[in-house]
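A.B. asks: Just the structure for this:
(one chain, ligands or ions: 1)
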Amino acid sequence: MLCSTRELLETSRRNVYAIGAFNIYNLEGVRAVVDSAEANFSPVMLQIHPSALSYGGTGLVALCLEAARASTVPISVHLDHSTSEKAIRAALDAGMKSIMADGSHLPYAENLAFTKAMTQLAHARGAAIEAEIGRISGTEDGLTVAEKEAKMTDPVQAVEFVKATGVDALAVTIGNVHGEYKSEPRLDFKRLAAIRAAVDVPLVLHGASGLPPATIAQSIQLGVCKFNVNTEVRQAYVSNLAQSLQNSPLKDLLDVMQSGIDAMQAVITDKLELFGSTHKQHLHQSPYADMLAASAV
Ligand code: 13P
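C.D. replies: Model (predicted):
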């Protein structure tokens, strides 16, 4: 069933687990996420990066929305890391109700102004906004400790930012990076606890690929209720495709695609277990459930 991100995050926060938000690019990705979630009775989020949106267009959004509607588990469809009003408007026009307005590359005051404007736009269209302060990079190699800390989310600024913008969820930067961790990930849990104590919207952690189980568990205990996952699933897909084609280049295309789906599903299932969202489907309610119940009488 198609669910709102707000409902998914509030319910997971109340029950101390987290929602996996997986970046998808095509039908195989959507199938892998939905099949894993259904097999594990787990809520989940389908996430489209703006570059995937410009590639797949409204067809990709329609595919995700339809897959969510047809699914037996609660699913929301989210636009990831959008730095432009144009892409956000395109996503809203295509029917998406969950958007990350990412102004984290901007100076703080400009990030605040951009996020506030995008939140007003999204709320007017019934959509929820995730935003970020601090700056997550691809890798932290070569930075001094002071440089790393300067890019992290400041708890005091987080309070002001959430209040001034009216965002529905906040992505935090506490030592997490996108892509592969070049050394053992070390998250600043003291900072996370301070942010949790200071702001009351659900917290999001990007760059969940490669985070050890204990780090994920502690992040959930300290209030993270959405993890973004891309790299590990993409790597599983691409290396499976390469292997399939190397082993037998003339293999039936459907078999090649199914094998890619299976490879992604193994990673996704593993993440759903780590996030604690398996067998939690029954805790969620479709925003349309009341309406459907009323019309059935
Ligand atoms: P990874 O690619 O490191 O899993 O991060 C994904 C992400 O944060 C997408 O927003």
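A.B. asks: When you work out contacts or count neighbours from here on, use the C-alpha atoms and nothing else.
C.D. replies: Noted.
A.B. asks: Please report how far Val201 lies from Ile99.
C.D. replies: Applying C-alpha to C-alpha, to the nearest Å, the value for Val201 to Ile99 is 15 Å.
A.B. asks: If you count surrounding residues, which of the two has more?
C.D. replies: More neighbours surround Ile99 than the other of Val201 and Ile99, with 28 against 21 (other C-alpha atoms under 10 Å).
A.B. asks: Need phi/psi at Val77.
C.D. replies: When read as degrees, to the nearest 10, the backbone of Val77 gives phi -120, psi 120.
A.B. asks: Oops, could you answer that again for Ala169 instead?
C.D. replies: phi -150, psi 150.
A.B. asks: That one contacts Val201, correct?
C.D. replies: Yes. Counting by C-alpha atoms under 8 Å, Val201 is a contact partner of Ala169 at 5.3 Å.
A.B. asks: Now the common contact residues for these two.
C.D. replies: Residues touching both Ala169 and Val201 (C-alpha atoms under 8 Å, 6 or more residues apart in numbering): there are none.
A.B. asks: these two touch, right, Gln47 and His81?
C.D. replies: No. At 9.8 Å, Gln47 does not count as touching His81 under the criterion of C-alpha under 8 Å.
A.B. asks: okay, the two: which has more neighbours?
C.D. replies: Shown here are Gln47 and His81; by other C-alpha under 10 Å, Gln47 has more neighbours (28 against 21).
A.B. asks: In three-state terms, label the more buried one for me.
C.D. replies: Taking DSSP: H, G, I helix; E, B strand; the rest coil as the rule, one finds Gln47 in the strand state.
A.B. asks: in the longest helix along the chain, what's buried?
C.D. replies: What stands out as the longest helix in the chain, according to DSSP state H, is helix 253-275. Going by neighbour count (16 or more other C-alpha atoms under 10 Å), the buried part of helix 253-275 is 256-257, 259-265, 267-269, 271-275.
A.B. asks: Where in the chain is the helix or strand with the lowest mean pLDDT?
C.D. replies: Here the helix or strand of the chain ranked lowest by mean pLDDT, DSSP states H and E is helix 289-296, holding a mean of 48.
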